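Undergrad: show me how the following folds:
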Amino acid sequence: MQVPPDYDGTRYPADEVESSRGFAAVPDGFARLWTPHRIAYIEKGAPGAGDACVFCTAPTLSDEQALIVHRGELAYVILNLFPYNSGHLLVVPYRHVATYDEATAEEAAEIASLTQTAMRVLTATSHCDGFNIGMNQGAIAGAGIAAHLHQHLVPRWATDANFFPIVAQTKALPRLLGEVRDEVAAAWPS
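TA: As a prediction, this is how the structure comes out:
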């Protein structure tokens with residue numbers, strides 16, 4: 001459709017607007033990844049400096065709301081809301097500290113113990129072949145939430161690397177977050 005020379009930028013007359021009927025399922029060159037769980041963040045807006053820490057807020061919610069799979073004495077285990085793989089867990093101290101050297105010996109010991117248990121639970125529930133475990137300390141090191149210490153535990157499978165991340169810059173996550181949370185929480189030893 002050509003823009004009329006006298007177009008004032010406010011509206012098109014109805015008879016000059018091209019109908020979109022017949023466009024459904026016509027390839028348009030855009031890749032689409034449906035992520036309905038992210039609507040809460042879109043509606044809320046981007047996090048700002050005044051927002052509460054998500055890792056301090058999570059324990060105040062129900063386990064299902066926060067995706068918490070286990071609550072320990074000094075730390076808890078939560079499903080990552082933006083996982084690299086299905087079952088991507090975070091081990092988080094309740095206390096708001098930024099880096100590992102600020103954790104007490106007791107907090108560090110519980111983080112380690114919860115990580116070991118999480119590995120056993122994920123191996124039993126998802127039959128993973130290995131793990132990536134790590135902490136990004138500080139924003140410069142890649143921490144998305146640098147102000148509150150958290151350790152990533154990402155299950156890996158021999159078959160989890162496919163062409164999507166390379167060709168389409170897309171990661172396929174075959175399971176819903178709530179489903180994974182329920183399964184891991186149910187399998188967590190008492």
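
Undergrad: pLDDT below threshold where in this protein?
TA: 1-51, 161-172 (pLDDT under 70).

Undergrad: rerun at 50
TA: 1 (pLDDT under 50).

Undergrad: give me the distance between Val154 and Ala118.
TA: Distance, Val154 to Ala118, by Cβ to Cβ, to the nearest Å: 11 Å. Just so you know, the C-beta spots here come from the backbone N, C-alpha and C atoms, and that holds for glycine as well.

Undergrad: got it, and Arg181?
TA: Separation of Arg181 from Ala118 (Cβ to Cβ): 13 Å.

Undergrad: between those two, what contacts are shared?
TA: Val69 (Cβ atoms under 8 Å, 6 or more residues apart in numbering).

Undergrad: show me which of these two is the more surrounded one.
TA: For the pair Arg181 and Ala118, the greater number of neighbours falls to Ala118 (24 against 20), based on other Cβ atoms under 10 Å.

Undergrad: got phi/psi on Ala75?
TA: phi -150, psi 160 (degrees, to the nearest 10).

Undergrad: tell me where the protein has strands.
TA: 68-71, 75-79, 89-93, 130-134, 151-156 (DSSP state E).

Undergrad: can I get the longest one as CSV, trimmed to CA atoms?
TA: To tie it back to what came earlier, the one meant is strand 151-156. Below are the C-alpha coordinates for strand 151-156, written out as CSV (Å, rounded to 0.1, in the frame of the first residue of the first chain):
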residue,chain,number,x,y,z
GLN,A,151,24.2,-20.8,42.9
HIS,A,152,23.0,-22.2,39.6
LEU,A,153,22.5,-26.0,39.1
VAL,A,154,21.7,-26.8,35.5
PRO,A,155,20.9,-30.4,34.6
ARG,A,156,22.4,-31.6,31.3
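
Undergrad: since that was my last question, I'll sign off now.
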